[in-house]
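**Student:** give the three-dimensional model of this entry:
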Amino acid sequence: MVTQIVTAAVITYLLGSIPFSFLIAYYIKGIDLRFTGEGNVGARNVWHLVGKKYGILAALLDVGKGLGAFGVGRALQLDLPWLWICGLGVISGHGFPVFLKGRGGKGAAAALGFLLGLNPAALLLSGALMGFIYLLSRNFHLALGTGMTAIPLLWYFLFHHSLADSLSAIGFLLLLGIKRVIDEPHMRKIKQVSGW
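**Tutor:** Residues are numbered from 1 along each chain as shown. You can find the predicted model right below:
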């Protein structure tokens, strides 16, 4: 079991470290997302700086990383709670990628991909809620936060996951908030320079 867990952690970290948003922006427009726009290596920055279709591509690839991490865990025959190691691995790699000297994205799309593997129906419902909130408010962060908050609630109340699994989902999603706080000083500085 220890070998499987360590293998899962290493593989999913390396998978998460593949900086799709960075690569798309660099090869299409020759820009480094870490120091342009909002200063974040993520699909939203690609959307605004490179174009909508490339932003969608980046988001889908990042979701694919999360789904791939879930697949790695299942291939190694991990179940909950050990499967969370794969989720932590992929968002850690996305947020602190070895290929970009630790300056990665916030990890929301990768996290959503992993959660899609765990419970597709809950993720689709939270995604619908996210879209609805965005249409009403035009506030990306409010929509994302609302959708993310809904996931563990849906797990527990609608899909009858255990309290432990639902609390684990909350902890997993809180890590994204911590990454946002860590990134905020850098992003604020880049936004001032770029006029974001």
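**Student:** rest of the way, CA atoms for contacts and neighbours
**Tutor:** Noted.
**Student:** phi and psi next, for Trp82.
**Tutor:** phi -70, psi -20 (degrees, to the nearest 10).
**Student:** ok, it touching Val6?
**Tutor:** No - counting by CA atoms under 8 Å, Trp82 does not reach Val6; the two are 10.7 Å apart.
**Student:** would you map the strands across this structure?
**Tutor:** Remark: strands of the chain are absent; assignment by DSSP state E.
**Student:** and the worst-scoring helix or strand of it on mean pLDDT, what's buried?
**Tutor:** One helix or strand of the chain scores below all others by mean pLDDT, DSSP states H and E: helix 163-194, with a mean of 86. Neighbour counts over helix 163-194 (16 or more other CA atoms under 10 Å) mark 165-170, 172-173, 175-176, 179-180, 183, 186-187, 190-191 as buried.
**Student:** ok, now stretch 135-153?
**Tutor:** For stretch 135-153, by 16+ other CA under 10 Å, it's 143-144, 146-153.
**Student:** adding pLDDT, write the residues you listed out as CSV.
**Tutor:** Below are the buried residues of stretch 135-153 laid out as CSV (pLDDT from 0 to 100):
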residue, pLDDT
Ala143, 91
Leu144, 85
Thr146, 92
Gly147, 90
Met148, 86
Thr149, 90
Ala150, 93
Ile151, 92
Pro152, 91
Leu153, 93
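**Student:** closest one to Leu14 out of these, please.
**Tutor:** Of all the buried residues of stretch 135-153, Met148 has the smallest distance to Leu14: 24.5 Å, by CA to CA.
**Student:** which residues does the closest one contact?
**Tutor:** 126, 173 (CA atoms under 8 Å, 6 or more residues apart in numbering).
**Student:** what's the spacing between it and Trp84?
**Tutor:** Applying CA to CA, to the nearest Å, the value for Met148 to Trp84 is 17 Å.
**Student:** repeat that for Ala121.
**Tutor:** Distance from Ala121 to Trp84, by CA to CA: 18 Å.
**Student:** these two - which one has more neighbours?
**Tutor:** Neighbours per residue (other CA atoms under 10 Å) separate Ala121 from Trp84, with Trp84 holding more: 23 against 15.
**Student:** how many neighbours does the residue nearest to Gly64 when sequence neighbours are not counted have?
**Tutor:** Spatial nearest neighbour of Gly64, chain neighbours left out: Gly113 (6.0 Å); criterion: CA to CA, 6 or more residues apart in numbering. A count of nearby residues for Gly113, using other CA under 10 Å, gives 27.
**Student:** return the residues in contact with Gly113.
**Tutor:** 62-68.
**Student:** write the PyMOL selection for whichever of those residues are buried.
**Tutor:** Only the buried entries of the contacts of Gly113 go into this PyMOL selection, using 16+ other CA under 10 Å:
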select buried, resi 62+63+64+65+66+67+68
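**Student:** can I get the contacts of Gly113 in JSON lines with pLDDT?
**Tutor:** Listed next are the contacts of Gly113 as JSON lines, based on pLDDT from 0 to 100:
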{"residue": "Asp62", "pLDDT": "98"}
{"residue": "Val63", "pLDDT": "97"}
{"residue": "Gly64", "pLDDT": "98"}
{"residue": "Lys65", "pLDDT": "98"}
{"residue": "Gly66", "pLDDT": "98"}
{"residue": "Leu67", "pLDDT": "98"}
{"residue": "Gly68", "pLDDT": "98"}
